[in-house]
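K.L.:
quick one, what's the 3D model for this:
(one chain, ligands or ions: 1)
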Amino acid sequence: MMIGIENFELWDNPAPEELASTATEFLYQLKGPTILKISGRDTSRCRVVVTLLHGNEPSGLKAVHRLVRDKCVPEVNILVAIVSIDAAVAQPLFSNRFLPHQQDMNRLFKPPFDGGQGILAKNLLDLIQEVRPEAIIDIHNTSGDGPAFSVCVRQHKRYLDLASLFTHRVIITGHRLGSLMEVTSLGCPVLTVECGGAMQPESDEIALRGLTRFFTKPKLYQSVTVEEMDIYHHPVRLELSSSRQLVYSCGPQLNVDVTVPTHIDRRNFGVVRPDTALAWLGPAGINALCVLDEQGNNVIDDFFVVQDNKLYPRTTLKLFMATTDPKIAVTDCLFYAVKETDHQWDETADVAEWEMN
Ligand SMILES: [Zn+2]
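P.N.:
Here you go, the predicted structure:
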């Protein structure tokens with residue numbers, strides 16, 4: 001029945017008492033990538049949870065452990081894929097996103113599916129295709145502290161319904177990196193949920209509350225309205241230009257291209273008006289930064305202006321995923337932004353192939 005499972009261990013309907021009493025001991029019980037199958041009241045339907053694609057993001061694993069231990073009987077069959085066990089168990093526990101010789105697992109859900117991890121990604125997609133789920137939730141934690149949010153790759157009400165189980169914040173992104181949520185051939189929506197930082201107790205609560213609903217709700221769709229949600233359409237990324245340097249500090253640093261305020265992450269999901277300075281710039285000025293839209297064009301002048309060597313928003317912005325980790329800022333981006341005025345829901349864009357067949 002289960003094609004493509006060869007690189008996963010299948011744990012079919014674990015008895016609650018078979019699971020170790022703590023999430024950490026439960027992790028040690030898993031010998032490698034694992035599928036937990038939990039039969040529901042209605043065995044004709046299925047929902048899929050993916051978690052631990054990143055080994056340092058344990059909120060989803062903890063929630064699944066609790067639900068099974070607490071004898072939760074789901075409404076429909078649930079498959080839980082627990083993926084990067086090796087990275088999670090490497091010491092210090094739950095601190096490695098992936099191992100030094102590995103790639104980021106959530107960048108591999110696209111051809112050519114090479115290597116052990118690429119094949120694992122393909123196995124998971126094949127398995128999902130086989131079970132034809134109603135929905136797929138991929139649970140993560142953010143790299144820094146902050147509130148929970150969800151991410152999807154296009155506009156459709158069903159994403160909002162799924163997101164509302166966890167959070168009112170939804171980002172619709174056109175950036176394509178090879179993540180699981182980008183796979184649109186699975187016949188149902190795939191939503192990424194970022195529960196907040198791995199060290200924040202609220203993150204575990206959000207994962208548990210959301211997954212409890214996802215397991216037990218008789219109907220997943222057609223409950224939420226656009227007005228109830230805080231939607232971020234098509235964000236841009238603020239990136240450091242190549243061969244420029246960046247530091248975090250409370251004040252401008254001499255001869256450094258970009259100085260980012262130490263507490264930039266406090267801006268996450270807040271409104272930033274044009275009178276708020278977001279960084280200090282060095283001799284290269286604004287050329288030290290670029291803002292990439294979803295087509296990869298530099299649109300920095302559309303979003304920011306420079307005044308007195310400081311970077312200001314050109315118009316009111318909402319920021320998210322602002323990091324205080326220089327490594328992430330340099331290799332990925334400083335933060336994502338949307339214009340506040342860009343928020344509108346276009347009903348005509350609300351079509352997906354899962355409704356066409
Ligand atoms: Zn992650």
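K.L.:
so Ile128 sits against Arg47, correct?
P.N.:
No. Under the contact definition of C-beta atoms under 8 Å, Ile128 does not touch Arg47, with a separation of 10.7 Å. For the C-beta atoms, the positions are set from N, CA and C on the backbone; glycine is no exception.
K.L.:
any common contacting residues for those two?
P.N.:
Ile136 (C-beta atoms under 8 Å, 6 or more residues apart in numbering).
K.L.:
identify the residues contacting Ala279.
P.N.:
258-261, 264, 289, 310-311, 334.
K.L.:
show me those that map onto strands.
P.N.:
Among these, the residues falling in strands (DSSP state E) are 258-261, 289, 310-311.
K.L.:
low-confidence stretches in this structure?
P.N.:
1-4, 342-344, 347-351, 353-357 (pLDDT under 70).
K.L.:
can you get me a residue count around the residue of the stretch 201-350 of the chain found nearest the ion?
P.N.:
With C-beta to the ion as the measure, Met321 is the residue of the stretch 201-350 of the chain nearest to the ion, at 11.5 Å. Other residues near Met321 come to 24 when the count uses other C-beta atoms under 10 Å.
K.L.:
now which of the ones in strands among the contacts of Ala279 would you call buried?
P.N.:
Buried by 16 or more other C-beta atoms under 10 Å: 258-261, 289, 311, out of these.
K.L.:
and these, which two are the farthest apart?
P.N.:
Pro261 and Leu289 (14.5 Å; C-beta to C-beta).
K.L.:
now Asp325. Its backbone dihedrals?
P.N.:
phi -100, psi 110 (degrees, to the nearest 10).
K.L.:
the closest residue to it other than its chain neighbours: neighbouring residues, count only.
P.N.:
Once flanking residues are discounted, Asp325 sits nearest to Ser143: 6.2 Å by C-beta to C-beta, 6 or more residues apart in numbering. Neighbour count of Ser143, defined by other C-beta under 10 Å: 21.
K.L.:
now swap in Gln103 and tell me
P.N.:
16.
K.L.:
would you agree it is in contact with Asp114?
P.N.:
No. Contact criterion C-beta under 8 Å: Gln103 and Asp114 do not qualify, at 9.7 Å.
K.L.:
which element follows the strand ranked longest in the chain toward the C-terminus?
P.N.:
If you go by DSSP E, the chain has its longest strand at strand 42-51. Next in sequence after strand 42-51, counting helices and strands by DSSP states H and E, comes helix 59-69.
K.L.:
can you confirm Phe109 is in a strand?
P.N.:
No. Membership of Phe109 in a strand is not supported by DSSP: H, G, I helix; E, B strand; the rest coil, which gives coil.
K.L.:
from the ones in strands among the contacts of Ala279, which is closest to Val83?
P.N.:
Proximity of the ones in strands among the contacts of Ala279 to Val83 (C-beta to C-beta) peaks at Val260, which lies at 32.3 Å.
K.L.:
who's in contact with Cys250?
P.N.:
Contacts of Cys250 (C-beta under 8 Å, 6+ apart): 261-262.
K.L.:
so who does Ser150 touch?
P.N.:
With C-beta under 8 Å, 6+ apart, Ser150 has these contacts: 159, 162-163, 166-167, 169-171, 191-194.
K.L.:
switch to 6 Å and redo it
P.N.:
163, 167, 170, 191, 193 (C-beta atoms under 6 Å, 6 or more residues apart in numbering).
K.L.:
isn't there a strand covering it?
P.N.:
Yes. Residue state for Ser150 (three-state DSSP) corresponds to a strand.
K.L.:
leaving out sequence neighbours, find the closest residue to it.
P.N.:
In space, Ser150 is closest to Ala163, 4.0 Å off (C-beta to C-beta, 6+ apart).
K.L.:
gap between the one you found and the ion?
P.N.:
16 Å (C-beta to the ion, to the nearest Å).
K.L.:
go on, Tyr28?
P.N.:
Applying C-beta to the ion to Tyr28 and the ion gives a distance of 21 Å.
K.L.:
what is the burial count for Tyr232?
P.N.:
23.
K.L.:
ignore the last one, Leu278
P.N.:
21.
K.L.:
what of Asn309?
P.N.:
15.
K.L.:
show the contacting residues for it.
P.N.:
Leu281.
K.L.:
one more time with 8 Å, if that's ok
P.N.:
Here Asn309 is in contact with 252, 280-282, 285 (criterion: C-beta under 8 Å, 6+ apart).
K.L.:
Lys62 against Leu208, yeah?
P.N.:
Yes. Proximity of Lys62 to Leu208 meets the contact threshold set by C-beta under 8 Å, at 7.4 Å.
K.L.:
more crowded one of these two?
P.N.:
The residue with more neighbours, out of Lys62 and Leu208, is Lys62; 25 against 20, by other C-beta under 10 Å.
K.L.:
residues touching the more buried one, list them.
P.N.:
23, 204, 207-208.
K.L.:
check Met321 too.
P.N.:
So Met321 contacts 142, 268, 333, 335-336 (C-beta under 8 Å, 6+ apart).
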